[in-house]
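[1] got a predicted structure here, sequence first:
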Amino acid sequence: MDFKLVLERLIAAFNEQGIRYALMGGFAMGLWGAGRTTVDIDFLIARDDMQKVDAIMGQLGYECKYRSENVSQYISPLKVFGEVDFLHAFREASLQMLQRAEEKEVFGSIKIKSLIPEDLIGLKLQAIKNNPERQQSEMEDIMFLVREYKNKMDWSLIEEYAKILKMEELYKEICKR
């Protein structure tokens with residue numbers, strides 16, 4: 001997958017169409033300093049914008065391989081374009097994540113909105129809740145963000161995610177570390 005090419009095309013189209021988005025997942029972790037390999041690109045997208053996103057993805061030759069109320073997965077038949085996944089934001093918490101997203105620079109010239117560390121941690125807590133087998137790898141990412149940004153983070157936001165997910169004990173463990 002040519003990440004630079006894909007991001008250039010997607011971000012230009014998102015901006016042109018006024019799509020509310022934020023990068024998340026492994027690529028976003030990389031923007032915040034975590035050396036992480038990834039094979040796809042993951043975005044949080046306002047669900048109300050998904051019709052526009054679907055049109056953009058179709059124009060770029062992607063095929064929608066899976067769609068639910070919460071997620072959409074697009075795969076290109078061309079390896080250079082790879083896979084792009086979208087988490088649909090429609091609940092208040094995820095819509096607020098989009099509002100808090102910060103612009104970062106990637107590949108020296110592409111300005112892209114990325115979720116902030118607190119929101120990445122919230123989604124990683126949700127991933128653990130949904131699939132406890134992912135706890136070890138998700139906790140590695142969480143602890144990286146904590147080590148790098150602990151003095152700059154809004155801990156009340158992370159605590160709120162833990163409460164919503166009923167993961168207060170894991171939050172306490174994160175704070176102890």
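    Perfect, thanks for sending it. Numbers count the residues shown, from 1 in each chain.

[2] name whatever forms a beta bridge with the spatially most central residue of the chain.
    Per Cα atoms, centre = their mean, the C-alpha nearest to the average position across the chain is that of M24, at 1.6 Å. When bridges are assigned using DSSP bridges, the partners listed for M24 are D42.

[3] and the pLDDT at it?
    Model confidence at M24, expressed as pLDDT, equals 95.

[4] repeat that for the one 5 residues further on.
    The model reports M29 with a pLDDT of 93.

[5] what's the answer for the one 5 residues further on, then?
    According to the model's per-residue confidence, A34 sits at a pLDDT of 85.

[6] which one is it nearest to, not counting chain neighbours?
    Setting aside the residues directly before and after it, A34 is nearest to F144 in space (Cβ to Cβ, 6 or more residues apart in numbering), at 4.9 Å. (Each C-beta comes from the backbone N, C-alpha and C, glycine too.)

[7] residues near that neighbour, how many?
    By the measure other Cβ atoms under 10 Å, the count of residues near F144 is 18.

[8] then I112?
    Burial of I112 is recorded as 24 neighbouring residues (other Cβ under 10 Å).

[9] can you give me the buried ones in the helix or strand it falls within?
    For I112, the enclosing helix or strand under DSSP states H and E is strand 110-114. Along strand 110-114, these residues count as buried under the neighbour rule (16 or more other Cβ atoms under 10 Å): 112-114.
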